[in-house]
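S.K.: here you go, sequence then predicted model.
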Amino acid sequence: MKPIEKTLAMTLLATCMATGAAHAKTITWADTSDVYSMDPHGQAISPTLAFLHHIYEPLVRYNKELEIEPALATGWEVVEPDLWRFTLREGVTFHDGSAFTAEDVVASLTRATHPDSPIRGNLPAVARVEKVDERTVDIHLNGNYPLLLNDLTNVYVLDKTWMDEHGALNPVDPSKGEQSYATTHTNGTGPFVLDTRRPDAETVLTVNEQWWDEAQHNLTRIEFTPIASDATRVSALLSGQIDMMLSVPLQDISRLENAPGFNILETPGLRTIMLALNQSPETLGDSGTGDNPLRDLGVRKALYQAINMELIRDKLMRGKSRNAALPVAPAVPGYDASLDERFPYDPEAARQLLAEAGYPDGFSIGLDCPNDRYVRDEEICQAIAAMWARVGVETRVNARNASNHWQTALNGGSDVWMFGWATLPMLDSFSILSQVLTSPHDKYGAWNPGGYENAEVDTLVEKISVAQDEQERLSMIAEAFAITKAEVPLIPLHQQPLIWATNDNIQLPQTPDNKVRLWYATVE
Amino acid sequence: MIAFLIRRLLQGALVMLTVAFIAFSMFRFVGDPVTNMLPQDATLEQRTELQERLGLNDPLPLQFGHFVTNAVQGDFGISYRNQRPVSDLIAERLPATMEMVFAAVVLSLVIGIPMGVYTALRRDSWLSHLFQGVSLAGISVPTFVTGILLILVFSVWLNWLPSFGRGDVVEIGGWSTGLLTVSGIKALIMPVITLSLFQITLIMRLVRAEMLEVLKTDYIRFARARGLTNRAVHFGHALRNTLMPVITITGLQIGALIAFAIITETVFQWPGMGLLFMQAVSFVDIPVMSAYLVMVSLIFVVINTIVDMLYFVVDPRLRVDAGKNTTGA
């Protein structure tokens, strides 16, 4: 090659590379833990489902305002109370080029509701699914059920032929020691295609040029990497190795705000942090008295009013949390602003109530907490223990890892225990009403080991579960919340903040469900 | 030698069985995996059913029996978290941990031994005092602090090295290596320094103490009397005789490094076995936890056996003793 030609070639090459770089829009981002599996029916864990939404899609989806909108289905009608008919979108193709049809929907929903399916609980009402024609499917329900659309947002559609070819028509069953092709391979209809995956190291997606929807994003590539250590994650952002991170630790917010070139996104999350009060008739494990003092409404209210939530918000949560009187966040259907006012912090009244209940000298009690699950979980419990001690209730804090904490608490072994409830995946008040506030029977009350029972609430929950009229349903939910607010079976504390940080050249919406939706993200 | 090996293997098998059993009896205190595997609003029925299917309600001896029967056939089950065979997961992570640990061992020997020799020979030089002082810091600062400090300096301030991960890796016959790419080697630097800092000081101090001890012995005096050069005395005779404990400690430390790697791997998000174990613990991923503990005990057993065999090579007296024993028996 002559020198002049060489120069020319180099220039040409450099130009190509420069334009290539200008078109490539990559977001590298990190969260605390990895996506568990590539199988959309393999895990019912919210962050995993949120990530897979980039590759796979449901019949209906949430938009960035958290409203349900058509996705793979373009319309639906309730033919009978227990029969919903969905019209499917035309012109959708899977990543391997095959067309999306009614067969795929039937096979996918059947797979998700298979007895072995780990996410069967996400579609509790679906009895069976039938193809009507190429563009129509019927979903038969067990009975009246108002929340089918909510449920469907979490169940993604796979290609039937592809599943069939690779023996993945049945879901994985971890107890049987099988693994599925779909655990490590994907073929969806979503805006991004799986490029490479190294578990716990990096998962790379590239853009799906054939996506049916009009792209609002301008990304060509997504690189996701889990970074468990908070300090390392913040450092990775500061040093420019990643463009975006979730779960910013409270103590690092000011550091990121002071560094040039970063945006902090924050919003109160859906997850409400609460204390559950064990009302079982037996003597409490940590209490010094013969009867269970928590069975007395006055005592429960005294414990409530002895907690200074303003102090916890300002000092422990650095002003970022939202104090709550209802067990659901404002974004959850069924939230009623008129009920969301806490009983005031009043240690004097608390002491009075305790005296009236027959405990003028207080009693002793255990407060069980996780120490690795929520924002400042253990510190909050320590603070509450000190506040309760001030009104004469001697509190022993028992903070452990979440898995141990749940095991004890859900078996009824805790006096008072901390838990959080985001109402996910259902995203409706029915979630917490049915599993926390209903007495344990049938499919209800899995998280009510303390045995709180109110016949009126139980009846309301039964009615809510089949209500057809949305207004009526919401007013019944409000009624149930009003009763449970007055009876104090649990003490709502606050909604913890969701804090994300990005480079300031990235624009993306943040929703209170803490799910990243990069098909709304743009990079300058 | 063969009898010794067989005895060692039997002992090793017993050790691993014991470790597995202790691990299994501890799992009941780790918590319940079911809460992590189901959505929060799962019903009571779904929870009990999953517990039943995973065999969590079986009595402990039965669970243990299942585990041992399958493990002997090389089947460690399916991870609850990743839903992939545990043996695959470990095989994927093993190269990352091994590369880091061996790099750390090599680094600690290459730096630790010369430093130890130097400080023993030139006890009063200022450099020796400096080494001693620095080594005190190396031994007392916890690993995660060193790691975070390195990240702060070299990633955030100087932007020279990546703060997490392994960089680009190359697959060679199922073994993923980061040693062949620039980004892989850059990513290796800080974790290796973090992991080896303690080992460097340990080996330096060990060599120094042993060396001082040996230099006082009679045969060194005789060697000097014979008019041998300093170099021959120090390296040919003294150093060689200090190496026995160094080999023992290094061997034991390889095992410890794999275990300590948990912290280093967490700080640097190094996708090795330690990180896998940490995630398994927080998820209560029992198949992964039990396989990991058995693996680590296997590594300890193998390393100790190798160390014992190295004695034969380094110390001629042992060969004579062993010969007597076998003929005597």
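M.R.: Perfect, thanks for sending it.

S.K.: how about the residues of the stretch 101-250 of chain B by chain A?
M.R.: Within the stretch 101-250 of chain B, the residues that sit near chain A (Cβ under 8 Å from any Cβ of the partner chain) are B:148, B:151-152, B:155-156, B:159, B:162-166, B:169. To be clear about C-beta, it is placed using only N, CA and C from the backbone, and glycine gets the same treatment.

S.K.: and these, which two are the farthest apart?
M.R.: Maximum pairwise distance among these (Cβ to Cβ): 25.7 Å, between B:L152 and B:V169.

S.K.: more crowded one of those two?
M.R.: B:V169 (24 against 16; other Cβ atoms under 10 Å in any protein chain shown).

S.K.: distance of the more buried one relative to B:I262?
M.R.: 21 Å (Cβ to Cβ, to the nearest Å).

S.K.: next, count neighbours for the residue in chain B positioned nearest to chain A.
M.R.: Using Cβ to the nearest Cβ, the single residue of chain B nearest to chain A is B:G31, 2.7 Å away. Residues lying near B:G31 (other Cβ under 10 Å) number 22.

S.K.: which residues sit in contact with it?
M.R.: With contact set as Cβ atoms under 8 Å, 6 or more residues apart in numbering or on different chains, B:G31 has these partners: A:401-407, B:284.

S.K.: which residues touch the nearest residue to it once chain neighbours are set aside?
M.R.: Spatial nearest neighbour of B:G31, chain neighbours left out: A:S403 (2.7 Å); criterion: Cβ to Cβ, 6 or more residues apart in numbering or on different chains. Contact partners of A:S403, counting by Cβ under 8 Å, 6+ apart, are B:30-33, B:35-36, B:282-284.

S.K.: closest to B:T266 out of those residues?
M.R.: Checking the contacts of A:S403 one by one against B:T266 (Cβ to Cβ), the nearest turns out to be B:S282, at 10.9 Å.

S.K.: around chain B, pick out the residues from the stretch 251-400 of chain A.
M.R.: Counting by Cβ under 8 Å from any Cβ, the residues of the stretch 251-400 of chain A that sit close to chain B are A:D372.

S.K.: which stretches in the stretch 251-400 of chain A count as helices?
M.R.: For the stretch 251-400 of chain A, the helices defined by DSSP state H, counting those that start in this stretch cover A:253-258, A:297-305, A:309-311, A:347-356, A:377-390.

S.K.: of those helices, which shows the lowest average pLDDT?
M.R.: Across those, helix A:253-258 has the smallest mean pLDDT, namely a mean of 90.

S.K.: please save the CA atoms from it in PDB.
M.R.: What follows is helix A:253-258, C-alpha atoms only, in PDB (Å, rounded to 0.1, in the frame of the first residue of the first chain):
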ATOM      1  CA  ILE A 253     -26.800  10.500  47.800                       C
ATOM      2  CA  SER A 254     -25.100  13.700  48.800                       C
ATOM      3  CA  ARG A 255     -21.800  12.500  47.400                       C
ATOM      4  CA  LEU A 256     -23.400  11.800  44.000                       C
ATOM      5  CA  GLU A 257     -25.300  15.000  44.100                       C
ATOM      6  CA  ASN A 258     -22.000  16.900  44.600                       C
END
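
S.K.: so the residue positioned nearest the centre of chain B, which state does it fall into?
M.R.: The residue lying closest to the centre of chain B (Cα atoms, centre = their mean) is B:I258, at 2.5 Å. Here B:I258 is recorded as helix under DSSP: H, G, I helix; E, B strand; the rest coil.

S.K.: my read: it touches B:V101, true?
M.R.: Yes - between B:I258 and B:V101 there is a contact at 5.6 Å, judged by Cβ atoms under 8 Å.

S.K.: give me the buried positions along stretch B:12-24.
M.R.: Neighbour-count burial for stretch B:12-24, counted by 16 or more other Cβ atoms under 10 Å in any protein chain shown, picks out B:12, B:16, B:19-20, B:23-24.
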